[in-house]
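Peer 1: Give me a 3D structure for the following:
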Amino acid sequence: QVQLVESGGGLVQAGGSLRLSCAASGRFFSILTMSWYRQAPGNQRETIASIAHGGRINYADSVKGRFTISRDDAKHTVYLQMNSLKPEDTAVYYCSCSARTANSLPGSFDYWGQGTQVTVSS
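Peer 2: Presented below is the predicted three-dimensional model:
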């Protein structure tokens, strides 16, 4: 199994920055794609950034140019640097990963963190 723990959320003023981290732990053979999602009250969960094991990156249009996703495979950790934050970025931010485990081979399972609150004040 894989456990994901997010950190780095909090309250920030508009225009400010935050850096989220998400560390994976447990028993797995490899971590494949790592992603960040967010969900604001009353809204559906939105995919905002993903990074594949080979490094291919995708961003939602709403965060392009402001957010940067990166990963450290030695630490099994994914990061989300968020700059120029706006009040509409307020949401619970979740990380997710696909991982190959003993139970998933030859495929992979998806795992989710518990989420971290990001609040941007105007």
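Peer 1: Going by C-alpha atoms from here, please, whenever you check contacts or count neighbours.
Peer 2: OK.
Peer 1: Can you check the pLDDT for residue 107?
Peer 2: Residue 107 carries a pLDDT value of 85.
Peer 1: Need the phi and psi values for it.
Peer 2: Residue 107 has phi and psi values of phi -90, psi -160 when expressed as degrees, to the nearest 10.
Peer 1: what does residue 89 give?
Peer 2: The phi and psi values for residue 89, taken as degrees, to the nearest 10, are phi -80, psi -10.
Peer 1: how near is the nearest residue to residue 100 once chain neighbours are set aside to residue 46?
Peer 2: Across the structure, with C-alpha to C-alpha, 6 or more residues apart in numbering as the measure, the residue nearest residue 100 apart from its sequence neighbours is residue 108 (4.5 Å). Between residue 108 and residue 46 the computed distance is 22 Å (C-alpha to C-alpha, to the nearest Å).
Peer 1: Of these two, which one has the most company?
Peer 2: residue 108 (19 against 14; other C-alpha atoms under 10 Å).
Peer 1: Past the one helix or strand residue 50 maps to, which element shows up next along the chain?
Peer 2: Per DSSP states H and E, residue 50 falls inside strand 46-51. Following the chain from strand 46-51 toward its C-terminal end, the next helix or strand by DSSP H and E is strand 57-59.
Peer 1: tally of neighbours for the residue nearest to residue 72 when sequence neighbours are not counted?
Peer 2: Once flanking residues are discounted, residue 72 sits nearest to residue 78: 6.4 Å by C-alpha to C-alpha, 6+ apart. Neighbour count for residue 78, taken as other C-alpha under 10 Å: 25.
Peer 1: Can you show me the helices along the chain?
Peer 2: Taking DSSP state H to define them, one finds no helices in the chain.
Peer 1: which residue is nearest the middle of it?
Peer 2: With distances taken as C-alpha atoms, centre = their mean, the chain has residue 36 as the residue nearest its mean C-alpha position (2.6 Å).
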